[in-house]
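Engineer: Have a look; sequence and predicted model below, questions after that.
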Amino acid sequence: MTMTGSSRRAQTSRTDGEDGLAALPPPSSAAPRPRRRRRRAPVGAYICLVLLAAVFLLPLLFLLNTALKSDADFLADPVGIVTEPRLQNFVDAWVQGHFGSYILNSIVYTLGGAGIGTVITMLVGFPVARGYIAGGRIWPIVFALLLFLPNSLITQFQLLLRLGLYDSRLGYVLMVAVGVGVGPLLFTGFVKSLPIELDEAAAIDGCGYGRYLVSFALPLCRPALTTIFILQAVWIWNEIILATVLLADQEKFPITVGLFAFKGAYSNQWGLLAAATMIVAVPLVVGYIFIQRYLVNGVLGAVKG
Amino acid sequence: MTARAERAAPVRTRFPFPRRGAVRLTFGLGMLMLVLFAFVPAVAVIVVSFTDLRGLTYVPTLWVGIENYLDFFSPARAADNWNALRNTMVFAIVGTVLQMGFALAISLLLNRPLRGRNFFRAVVFMPTILGVTVGGLIWSLIFNPAGGPMQSLLHAVGTQSAFFGDPRIALGLVIFVHVWMQVGISVVIFLAGLQAIPAELQEVASIDGASAWQRFRNVTFPLLAPSLTANVLMGVVNAMHSYQLTYVLAGPSNRSTQVLSLLVYVQAFGGESGTSLSQSQGYAAAIATLQFVLVGVIALATLFYLRRREARL
């Protein structure tokens, strides 16, 4: 509650200002007030919380439990809690599934794609937010259209085929890089909250646009850019269909395709399959613990902006 | 800066920097990437839907007019296509309604000053992070007909099920997993809306003797209207485009869970193998275009209805 709470409050009150809701009190400080009269702990609410946690966490715990079992154990009792936990499944899955190289591929695609995507978002978002580009109100509509494009698997495939980028890492990275989603909309909303006097002061001091973007705008926009990067990175890390369509060589597959192929090959070895799924899930869960506040705040900002 | 740009720009500004070259170049570069790799393929889908394009580059491509569309509705294909269309609609409507219902309930719960609510908020959002492949595999393990935990549970009450192999419940199970994976986003959006509702309104209603239900019905719910609009719209569009989950859970050619997007994939790239390039991609593009029109009509109708509802409140 300490870090997360205060940063969330800061974010909401800032975006509130844009919505013309500045007169409202900060939500977190006001919410507990009506409850203070009630002394009893709300038992029913806590029971609901436990049920909620069960629905979302039990599947993961089941996965862990299965991953620690041998096949014989699993067949004897699929749901029982593991008695002799063994890590052999993880070792086997890692070796047999080539997860090392898949993870490396996924890291390259995710960092490359989300990195390029974030740069694109900044390059197109900043001047539009500032009104430095002719066309004014067209551009926000263009950004919104990015969210509602038709299913263009076929033509994405054909485009790369014709550019000679089919089954190439670069082609796949470029294709996921333009999947910027809400990024530009989110970013223009954020830039509008920065005072334009900064631009003017820098310009008067003789700073050009390019240098201003890198030396001033980039550090100032870091919170928004971090959220945008993470949103896109999560999407790319989990992407499976484009990778299936645009890549043919198994050595270039990202981890999602590798995991799905693994499921096809070892569909009856539950422990192994669960361990493989864990191998993919654990980095996500661990990463999520660290990036959680950027994400939840980022989505909040996207809705209000 | 000219008057024209000043009127049109969202923020009223003039360009302070000495030269415009840099801003034009960088903006142009970024836009070029988006146009080339995002907008060109999107528009090309519609163009391609009037051709007999195939996956192989050396086969000549011919204009075929609306033949692909006639094909879609031809008697030979009609049964499969109506089935996919029906599944898409069921998926979108049932999925969105359930997602909204659960998300509203969960966000109301997590908006209360309970111990550890930040932890629970994070937990609810987690499936979104795990993604369809991991989430799909977890649930296909749980719904494994040959001895998953669900089967054990059903055995305990003296019954059993084929789960994704059972045409009567397969779509329902996919919708369930979809809601499990997507509900977190809606919860976050509803929470944002709830936090913007001034606590004073609740207090006043409470002093006036309104019950908890009346406070929800007459204060909270009407003020949540913008969040509901955003959520329903995102939910419907998302559900109508969703096929990665269906692909992971039930495979590309399971008739009972076949949806339009998956049909596009199967027609264009030939189902499981993903390598047979001789399929008619023109026909698949026609399906994608029809789906786009359908999504557009439904999204606009939803938006129109919800906006009018917001205005009434």
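Structural biologist: Structure's in. What do you need?

Engineer: Give me the secondary structure label for residue 288.
Structural biologist: Looking at chain A here, since you left the chain open. For residue A:288, the assignment made with DSSP: H, G, I helix; E, B strand; the rest coil gives helix.

Engineer: Name the nearest residue to it, sequence neighbours excluded.
Structural biologist: residue B:129 (4.7 Å; C-beta to C-beta, 6 or more residues apart in numbering or on different chains). The way it works is simple: take the backbone N, C-alpha and C, and place the C-beta from them, glycine included.

Engineer: Do I have it right that that neighbour meets residue A:289?
Structural biologist: No. The pair residue B:129 / residue A:289 is not scored as a contact, 10.1 Å apart, by C-beta atoms under 8 Å.

Engineer: Give me the more crowded residue out of those two.
Structural biologist: residue B:129 (23 against 10; other C-beta atoms under 10 Å in any protein chain shown).

Engineer: helices or strands next to the helix or strand containing the more buried one in the packing?
Structural biologist: Using DSSP states H and E, residue B:129 sits within helix B:117-142. Secondary-structure packing of helix B:117-142 (3 or more C-beta pairs under 8 Å, 6 or more residues apart in numbering or on different chains; DSSP states H and E): helix A:43-67, helix A:222-238, helix A:255-265, helix A:270-304, helix B:75-110, helix B:170-195, helix B:244-250.

Engineer: Most tightly packed of those?
Structural biologist: Mean neighbours per residue, mean count of other C-beta atoms under 10 Å in any protein chain shown, is largest over the helices and strands packed on helix B:117-142 for helix B:244-250, with a mean of 25.

Engineer: Confirm residue A:181 sits in a helix?
Structural biologist: No. Counting by three-state DSSP, residue A:181 falls outside a helix, being coil.

Engineer: Burial check on it, number of neighbours?
Structural biologist: Residue A:181 sits with 18 neighbouring residues when counted by other C-beta under 10 Å.

Engineer: In contact with it: list those residues for me.
Structural biologist: Residue A:181 sits next to A:146, A:147, A:231, A:232, A:235 when contact means C-beta atoms under 8 Å, 6 or more residues apart in numbering or on different chains.

Engineer: what helix or strand is residue 201 on?
Structural biologist: With no chain named, the answer covers chain A. Assigned by DSSP H and E, residue A:201 belongs to helix A:197-204.

Engineer: Can you look at chain B instead?
Structural biologist: When secondary structure is defined by DSSP H and E, residue B:201 falls within helix B:199-207.

Engineer: And residue A:210, by the same measure?
Structural biologist: Judged by DSSP H and E, residue A:210 forms part of helix A:209-212.

Engineer: so where's the chain uncertain?
Structural biologist: All of this refers to chain A. Residues of chain A meeting the criterion pLDDT under 70: A:1-41, A:295-305.

Engineer: if you could check chain B rather than the one you did, that'd help
Structural biologist: B:1-13, B:55-59, B:271-279.

Engineer: and the residue of the stretch 201-305 of chain A found nearest chain B, what does it touch?
Structural biologist: The stretch 201-305 of chain A approaches chain B most closely through residue A:238 (2.7 Å), counting by C-beta to the nearest C-beta. Going by C-beta under 8 Å, 6+ apart, residue A:238 touches A:256, B:130, B:131, B:132, B:133, B:134.

Engineer: at 6 Å what do you get?
Structural biologist: residue B:131 (C-beta atoms under 6 Å, 6 or more residues apart in numbering or on different chains).

Engineer: ok, back up a step: relative to residue A:105, which of the helices and strands packed on helix B:117-142 is closest?
Structural biologist: With C-beta to C-beta as the measure, helix A:255-265 is the member of the helices and strands packed on helix B:117-142 nearest residue A:105 (7.2 Å).

Engineer: Okay, helices next: where are they in the stretch 101-250 of chain A?
Structural biologist: Assigned by DSSP state H, counting those that start in this stretch, the helices in the stretch 101-250 of chain A fall at A:138-145, A:153-163, A:169-177, A:183-191, A:197-204, A:209-212, A:218-220, A:222-238, A:241-246.

Engineer: For the nearest residue to residue B:33 once chain neighbours are set aside, give its distance to residue B:182.
Structural biologist: Nearest residue to residue B:33 in three dimensions, chain neighbours excluded: residue A:120, at 5.4 Å (C-beta to C-beta, 6+ apart). Using C-beta to C-beta, to the nearest Å, residue A:120 is found at 26 Å from residue B:182.

Engineer: give me the element residue B:305 is part of.
Structural biologist: Applying DSSP H and E, one finds residue B:305 within helix B:281-312.
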